[in-house]
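A.B. asks: Sharing a model prediction with you, sequence too.
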Amino acid sequence: IRDRSPSRGLGDVYKRQKKECDYMFTVFTPTYNRKETLTRLYNSLICQNDPELVWLVIDDGSSDDTEKLINKFKKEKKIIIEYIFKENGGKMSAVNIAHQKCHTKYMITIDSDDMMNEGFIDRIKKDIQYVENEKDIAGIVYLASNTNGNVVGSKLPPDKTICKFYDIYNKYKCSGDKCIVWKSDVLKNYSYPLIDNEKFVPDGYLMLQISKDYSVMTMNYVGTIVEYLDSGYSNNYFELVKRNPKGTMLYYRELYNIDKSLYNIYCYLLFGIYAKVKFSKLLSDHPAKIWIVIMYPCVLILSKIRK
């Protein structure tokens, strides 16, 4: 890992002599060979008109001159940019680094092919008054829209609803990607498991862990504008999780604690089989042992069909 953050002597934005921990927001962007989309994200951050907004870019081993582009942005001195280059290890390893490197009060993850909605930072500044002193609230959940302005999935529960993150989808039956503004001191206590020979764990794994200890607040305001590229995670999801079966199996094992559906048992078994985990291990690691025994033969046959 090579940390290529700017020195204290660079840029007018640093002449305030303000402590790093006093900055309010970090936008974290994990990226891998997405040079062609980073400019529009950068421009959307500039439009926030917040000179103390920190953009933390963690490059997961790009080979497309991403670093040269970031250096060009740095020379413009319009926002604070911190750039870290690491060997390719997947998005989740970059997220783990970001949680520890973030030194501002709040962190927002925006992927390299997405943008921040104009005026979003000003909106967050108005909303954080409701959560900043609430120790049991980890952050605020906002909406995401597509490039046509349509909300991705469904809207959230009414504004200022306090709930567990998983209840947004399980209790309130919401759908679609959301934008989350997290308290960074909360995130420092959580990380994705890093599994040998795998580079991905479903995003929801971390949400399940945080939901064990904290709630979130909802706001029906669009924070990010997303675009699902043909090469992105969303459009290739099944192939992605199939290539990373152990992490996916772990996610469905955790999800079963919240949603005791047969579907979650099915997915746990399916990806366990893809991961070549022995039946005895699958059985011992899951609480629904009777269902594991009943469903395993059928899932084994289906796994051979769905190759």
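C.D. replies: Yes, it's here. Here the structure is a predicted model, which is why all the values come from computation and not from measurement.
A.B. asks: Could you say which helix or strand holds Glu36?
C.D. replies: Using DSSP states H and E, Glu36 sits in helix 35-46.
A.B. asks: For that helix, list the C-alpha coordinates in CSV.
C.D. replies: As requested, the backbone C-alpha atoms of helix 35-46 are provided in CSV (Å, rounded to 0.1, in the frame of the first residue of the first chain):
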residue,chain,number,x,y,z
LYS,A,35,-10.2,6.5,-15.3
GLU,A,36,-13.0,7.3,-17.8
THR,A,37,-15.7,7.8,-15.2
LEU,A,38,-13.7,9.5,-12.4
THR,A,39,-13.8,13.0,-13.9
ARG,A,40,-17.6,13.3,-13.7
LEU,A,41,-17.5,12.2,-10.0
TYR,A,42,-14.7,14.7,-9.4
ASN,A,43,-16.8,17.5,-11.0
SER,A,44,-19.8,16.6,-8.9
LEU,A,45,-17.7,16.9,-5.7
ILE,A,46,-16.4,20.3,-6.8
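A.B. asks: Counting by contacts, list what that helix packs against.
C.D. replies: Packed against helix 35-46 by the contact rule (3 or more C-beta pairs under 8 Å, 6 or more residues apart in numbering; DSSP states H and E) you find strand 25-31, strand 54-59, helix 66-76, strand 115-116. All C-beta atoms are positioned from the backbone trio N, CA, C, and that covers glycine.
A.B. asks: now that helix against strand 54-59, angle please.
C.D. replies: Interaxial angle, helix 35-46 versus strand 54-59 (axes from the mean of the first three to the mean of the last three C-alpha atoms, to 10 degrees): 170 degrees.
A.B. asks: list the buried ones in helix 35-46?
C.D. replies: For helix 35-46, the buried set under the neighbour-count rule, 16 or more other C-beta atoms under 10 Å, comprises Lys35, Thr37, Leu38, Leu41, Tyr42, Ser44, Leu45, Ile46.
A.B. asks: ok, the residues you listed vs Val277, which is closest?
C.D. replies: Proximity of the buried residues of helix 35-46 to Val277 (C-beta to C-beta) peaks at Thr37, which lies at 36.7 Å.
A.B. asks: Touching, that closest one and Met115? I think so.
C.D. replies: No - because the distance of 9.1 Å does not satisfy C-beta atoms under 8 Å, Thr37 is recorded as not touching Met115.
A.B. asks: what about the helices in the stretch 51-200 of the chain?
C.D. replies: For the stretch 51-200 of the chain, the helices identified by DSSP state H, counting those that start in this stretch occupy 66-76, 91-101, 120-127, 165-170, 184-187, in order along the chain.
A.B. asks: how far is the last one from where the chain is centred?
C.D. replies: Using C-alpha atoms, centre = their mean, to the nearest Å, the mean C-alpha position of helix 184-187 is found 13 Å from that of the whole chain.
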